[in-house]
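> Fold the following and give me the result.
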Amino acid sequence: MFDRILDPTGLSVRPAGVASGARRLPSLAGARVGLLDNTKQNAALLLAEIGELMTSRYGAVVTIRRTKEMFALPVDEPLLSEMKTACDVVVVGVGDCGSCSASAVADGITFEREGIPAAVICSDAFAVTARAMAEVHGDADFDFLMTPHPVAVLNPEQVAVRAGELLDVVVARVSEEGR
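From the prediction side, this is the model:
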């Protein structure tokens with residue numbers, strides 16, 4: 001009948017210490033930026049604001065904006081391939097609940113393992129969940145970015161302020177600038 005029991009946490013098949021650090025870009029001038037929105041409330045607006053700031057302050061170019069079909073599912077192969085072709089760096093967000101934080105971290109690790117520096121934005125209320133997902137994916141030290149919870153209830157002006165607060169850490173996560 002059944003030949004094995006599946007562990008829903010994924011811990012039974014955890015990769016052993018597989019680091020995921022892609023090489024940081026020396027500069028964002030002319031860098032192609034991809035924005036991956038996970039459908040959470042205000043994620044698209046926050047990422048758009050960060051993309052505009054990366055363009056105006058660092059000379060980056062937002063080349064692709066995509067939205068995942070489901071916030072809790074990992075980035076699928078066609079979208080991963082498309083973003084690998086179109087981007088030098090990726091900004092992923094927003095992890096504003098448990099499953100979307102876990103998924104955002106998993107996506108960031110996937111991009112990093114494909115050689116694309118990724119900045120993953122999660123709200124601080126779900127740091128434990130995000131860290132657990134990094135561990136499940138074999139990269140307990142994966143560096144995701146934290147923002148105060150919640151992001152979903154912010155108005156557009158507050159989102160713009162939050163984007164400005166996150167800009168320097170996003171830039172430092174994907175490049176040598178600002179380090």
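> how far away is Val169 from Pro148?
Computed with C-beta to C-beta, to the nearest Å, the distance linking Val169 and Pro148 is 13 Å. C-beta here means a position set from N, CA and C on the backbone, and glycine is covered the same way.
> Among the two, which residue is more densely surrounded?
Taking other C-beta atoms under 10 Å, Val169 and Pro148 do not tie; Val169 has more neighbours (15 against 11).
> Please name the nearest non-neighbouring residue to the more buried one.
In this structure, Val169 finds its nearest non-sequential neighbour in Leu145, 5.2 Å apart by C-beta to C-beta, 6 or more residues apart in numbering.
> One more: Val120?
Setting aside the residues directly before and after it, Val120 is nearest to Gly108 in space (C-beta to C-beta, 6+ apart), at 3.6 Å.
> which residues sit against the host helix or strand of that neighbour?
Secondary structure from DSSP states H and E places Gly108 in helix 98-113. The list of residues contacting helix 98-113 from outside it, by C-beta atoms under 8 Å, 6 or more residues apart in numbering, reads 18, 20-22, 36, 38, 40, 68, 71-75, 80, 83-84, 90, 92-95, 117-123, 126, 129-130, 132-134, 137, 139, 142, 144.
> Only the buried residues of the longest helix seen in the chain, if you could.
If each helix of the chain is counted by residues according to DSSP state H, the longest one is helix 156-174. Of all the residues in helix 156-174, those buried under the rule 16 or more other C-beta atoms under 10 Å are Val159, Ala160, Arg162, Ala163, Leu166, Leu167, Val170, Val171, Ala172, Arg173, Val174.
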